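Colleague: sequence-free structure coming up:
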């Protein structure tokens, strides 16, 4: 179990490593995370830390949530997330304490959790990478359709789980085993090799690779 650090996706750029190779990286705004609440086995039955990220205006926060932040002694936050941690890790933190990006280091492997871009209703070519039927096989009018969906006379119905058109994206995605290329503690930036789920300005969570 490791802390899932809240970040905001800024966008992609490139860096050059020690060998001069050009590497595509995703830049994450890894501003300090505030410990808003601490869960304990005695009181809650499990151990966890509730982290908050990105300040927000007090007028946009409900009274109940405002009291929750005031109890911890932190400003209202835009994103809240609870991450399960071990009792040893939880003992290092108290409500109101800040966790900074220096918990990560260059060369470390991490997992990034986010919500993928919503694509709306999509066909089987875009959603499931079906091949496009060309004119060479006698196909006409329907080049991007899935074809037959039936099994045969038995069982005489469409099998459950068959890949068909439908809603695509806007779901939780975990990209595993990405390398941290650079950590900028002064500007609170985290440079992760490769792409991470979500649109620019989306909130993501970064944890030590499983």
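Modeller: Yep, it's here. All values reported here derive from a predicted model rather than from experimental measurement.

Colleague: output the below-cut-off pLDDT ranges for the protein.
Modeller: Applying pLDDT under 70 to the chain flags the ranges 1, 135-138.

Colleague: now the strands for it?
Modeller: For the chain, the strands defined by DSSP state E cover 5-16, 22-29, 33-39, 48-55, 77-84, 98-99, 109-115, 120-122, 166-168, 172-184, 189-193, 203-208.

Colleague: go through the chain and flag its longest helix.
Modeller: Scanning the chain for the helix with the most residues, using DSSP state H, yields helix 63-72.

Colleague: what sits up against that one?
Modeller: 34-37, 52, 58, 61, 75-77, 95-96 (C-beta atoms under 8 Å, 6 or more residues apart in numbering). Yep, even glycine has a C-beta here, placed from its N, CA and C like the rest.

Colleague: over to stretch 113-132?
Modeller: With contact meaning C-beta under 8 Å, 6+ apart, stretch 113-132 is reached by 4, 9, 143-146, 163-175, 196-199, 202-207.

Colleague: any idea what the residue nearest the centre of the chain is bridged to?
Modeller: Among the residues of the chain, the one closest to the centroid is residue 114, at 1.7 Å (C-alpha atoms, centre = their mean). The partner list for residue 114 in beta bridges (DSSP bridges) reads residue 173.

Colleague: distance of it relative to residue 153?
Modeller: Using C-beta to C-beta, to the nearest Å, one gets 45 Å for the distance from residue 114 to residue 153.
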